[in-house]
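Trainee: Below is the sequence, then the predicted model.
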There are 2 protein chains.
Amino acid sequence: MTRKSEDAGRSTIRDVAARAGVSASTVSRVLGGVYPVSASTRTRVLRAVRDLDYVADARAKAVAGVGTPTLAFVLEDITGPSFAHMAHGVEREARRLGHLCLVCTTEGDVQHEVDFVEMMRAQRAAAVILVGGSADTLEYRERTRRMADSLASAGSRLVLCGRPPLGPGAPVTVIEYDNEGGAYALVAHVLAQGHRRVLFLGGKPDHTTAQGRERGYLAAHRARGVEPDPALVLHGDFTRDSGHRLIRDALKQRLEFTAVVAATDMVAAGALTALHEAGLDVPGDVSLAGYDDIPFARDLHPALTTVHVPYEELGRLAVRTALGRTPENPDEHLLLGTHVVVRNSVGPAKS
Amino acid sequence: MTRKSEDAGRSTIRDVAARAGVSASTVSRVLGGVYPVSASTRTRVLRAVRDLDYVADARAKAVAGVGTPTLAFVLEDITGPSFAHMAHGVEREARRLGHLCLVCTTEGDVQHEVDFVEMMRAQRAAAVILVGGSADTLEYRERTRRMADSLASAGSRLVLCGRPPLGPGAPVTVIEYDNEGGAYALVAHVLAQGHRRVLFLGGKPDHTTAQGRERGYLAAHRARGVEPDPALVLHGDFTRDSGHRLIRDALKQRLEFTAVVAATDMVAAGALTALHEAGLDVPGDVSLAGYDDIPFARDLHPALTTVHVPYEELGRLAVRTALGRTPENPDEHLLLGTHVVVRNSVGPAKS
DNA sequence: AACGCCATGGCAACCGGTTCCCAAGGGGGA
DNA sequence: TCCCCCTTGGGAACCGGTTGCCATGGCGTT
């Protein structure tokens, strides 16, 4: 028994070679499958492989340049339904294209993100996909730009998925969905039902996803000749509790509104519960709309009118464009459309 | 310019060494940090590292035995809320313990699972965590046993998380939650409200998670001296649509029941919508309970009475026991408890 | 001033594979 | 029967790191 074969049972290609009475190169060739090897040799080698339960070390193969490529995926929190769907799209497409898929959640910690990207550069990941909105500050742009350059110089690629783009010249692939357009269409639908005082439950003020949806809210008002009341634009975050709290407080201060547009379905869910708790009927007393079209939206009562975002498609596209990128078309920027899903939570305004 | 340094900008440790005028070993030692190196040499090396934007290849380090350990995580579909929470727990704990986290979704395809596990063996993953219930057939046990042995022989470890255990002797770590106990407590609560005809919306008949919950349903009846009507035990899957369809059909056939217990909250959500569509009040006409306590449960209307399962804790525990395993205590089997969360969807039976 | 120790850094082996290049041997055609 | 080609398989270099071992040289000590 050799030294290696007693080490936790992991056997090397040389162990196999010794057992089959051939050289390591021959074993490699049998396993590779392309190089011509005589039937008897092949049989002996395969038998030794089975006897030792041998599998070639993937890391060693990677060093030699024939490994399975890897792709990394960074998000804030995988338990959010829309994040989960993007993750699903990414994972599916990565698998379809023969890539392994590393995942990292940051829980909002910027330093985690930077560290992880650096680690992925060391791993020689084919691409790193950053998912989810962010504050679009100068610091954000510089930091992200550094990550992009660093990955690019290592032959890898940064993909921004639903994240603020970096301006021209950055070696980045950007896939966004149209937050402003979706919110515009949704709010236009609400206004068309006669509502004039529409409460907007937004996210963090500097978060670009929240900003886009807020812009759509404002633009829809102006397009209809309604000047939006700044007091009706509230800020929280994208959690269920935020929606719940915002509505409870708004009702407590006797803020007047006949409809609520939430920046996400999660927020809408909390808002709905708060409205119910206050004894209000939806949509009889107050209309409510969400954003994201998470699967649960149609099981709320009333079923939630919302904006459908093709999250899974987004994830798939991120992978496809990142990996299928051609040298002559290096920097892609895609904007995916959304559409309003009309259900039962928005009704005519009480006159 | 050397051959390497023009290759996509990736520079090797030898490039750095040449630029700093030292040998590769010195560069390695400077970066390693433990070996004593003179200040001037260190400065020159670090400068060369910065100039070339060098990062040591993680795969090469791994081959040399000093890489970042990796852990793999296999589930059917990450978009399910309970799966997502387990994934979150796994990822957090893996990160805390300094492990990278590979993820694979199988979409129910057994062959994918087998192939992926084999791939993880090649990757020398520290552990592979299989998540989610499964049919507990002989084929399942043999297949899973093979995976466990194969991983164990490679110094790795198979973890079954919410999956049927394999019986004694298998090199496996098992973390389960108490499906039967949770369902028992939940159904006992429903029966205590006076309900006698409780519809059970189960999963696939051979799926162990579904079976456990069904057993709890039956046991709670018997404990109360109520003989459960077999016609009230329905089978579908764990999707929202399944719950919706099952209730619609049950109502169409004029099945009599005063309460519904769904095998998951997703199923309960679909069921709730179907009940509403039929004009039934919950819990006035029919009581409803779920299982899993997903975040949305409290935003359903009425807020869903359900069983809380510590999914995130489960994921964390799976990682911790798999990695922290000691040689003298190799095979752990943990059973996590659950508890009923009483909300508003279960009321007294109409007499 | 000589000696010895320790700080420093290079050489080479090793991790576990792949693949280029070449040698040997067998079989078929002339 | 001889020669040539093609099939087959081995040796060694390489991928990009780490680390054991050893040589060197500067310093302090006696």
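Mentor: Here it is on my side, so go on. In this text the structure is predicted, and so the values were computed from the model without any measurement.
Trainee: Can you give me the neighbour number for A:V16?
Mentor: When neighbours are defined as other Cβ atoms under 10 Å in any protein chain shown, A:V16 has 27 of them. Where you see a C-beta, it was placed from the backbone N, CA and C, and this is true even at glycine.
Trainee: Now do the same contact list for it.
Mentor: A:A24, A:V27, A:V45, A:A48, A:V49, A:L52, A:Y54 (Cβ atoms under 8 Å, 6 or more residues apart in numbering or on different chains).
Trainee: what's the distance between whichever residue of the stretch 101-250 of chain A sits closest to chain B and A:P69?
Mentor: Relative to chain B, the nearest point of the stretch 101-250 of chain A is A:G155 (3.5 Å; Cβ to the nearest Cβ). For A:G155, the distance to A:P69 equals 11 Å [Cβ to Cβ, to the nearest Å].
Trainee: With adjacent residues omitted, what lies nearest to A:K350?
Mentor: A:T258 (6.3 Å; Cβ to Cβ, 6 or more residues apart in numbering or on different chains).
Trainee: Count the neighbours of the one you found for me.
Mentor: Using other Cβ under 10 Å, A:T258 has 21 other residues around it.
Trainee: mind listing what it touches?
Mentor: A:H195, A:R196, A:R197, A:V198, A:V286, A:S287, A:A349, A:K350.
Trainee: In strands, which of the residues you listed appear?
Mentor: Within the contacts of A:T258, residues falling in strands by DSSP state E are A:V198, A:S287.
Trainee: Looking at the closest residue to A:A219 other than its chain neighbours now. What's its pLDDT?
Mentor: Distances taken as Cβ to Cβ, 6+ apart put A:Y184 closest to A:A219, at 5.3 Å, once the chain neighbours are dropped. You'll see A:Y184 listed with a pLDDT of 98.
Trainee: Provide a list of residues in contact with A:Y184.
Mentor: Taking Cβ under 8 Å, 6+ apart, we find A:Y184 in contact with A:G216, A:Y217, A:A219, A:A220, A:A223.
Trainee: if we go to 10 Å?
Mentor: A:178, A:212-213, A:215-221, A:223, A:307, A:340 (Cβ atoms under 10 Å, 6 or more residues apart in numbering or on different chains).
Trainee: what's the closest of those residues to B:A39?
Mentor: Set against B:A39, the nearest of those by Cβ to Cβ is A:G212 (51.2 Å).
Trainee: nearest residue to the closest one other than its sequence neighbours?
Mentor: Using Cβ to Cβ, 6+ apart and skipping the chain neighbours, the partner closest in space to A:G212 is A:N179 (2.9 Å).
Trainee: Output the contacts of A:V16 as a markdown table; include the columns secondary structure, neighbour count and pLDDT.
Mentor: Output for those, formatted as a markdown table (DSSP: H, G, I helix; E, B strand; the rest coil; neighbours: other Cβ atoms under 10 Å in any protein chain shown; pLDDT from 0 to 100):
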| residue | secondary structure | neighbour count | pLDDT |
| --- | --- | --- | --- |
| A:A24 | helix | 14 | 93 |
| A:V27 | helix | 28 | 94 |
| A:V45 | helix | 24 | 93 |
| A:A48 | helix | 21 | 94 |
| A:V49 | helix | 20 | 94 |
| A:L52 | helix | 19 | 93 |
| A:Y54 | coil | 20 | 94 |
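Trainee: Looking at the residues you listed, point me to the pair that's furthest apart.
Mentor: A:A24 and A:L52 (13.5 Å).
Trainee: Please enumerate the shared neighbours of the two.
Mentor: A:T12, A:D15, A:V16, A:A18.
Trainee: Most neighbours among these, please name it.
Mentor: Most surrounded of those: other Cβ under 10 Å gives A:V16, at 27 neighbours.
Trainee: any residue of the helix or strand hosting that residue up close to DNA strand C?
Mentor: A:V16 belongs to helix A:13-20 when elements are defined using DSSP states H and E. Yes - using Cβ under 7 Å from any atom of the strand, helix A:13-20 comes into contact with DNA strand C via A:I13, A:R14.
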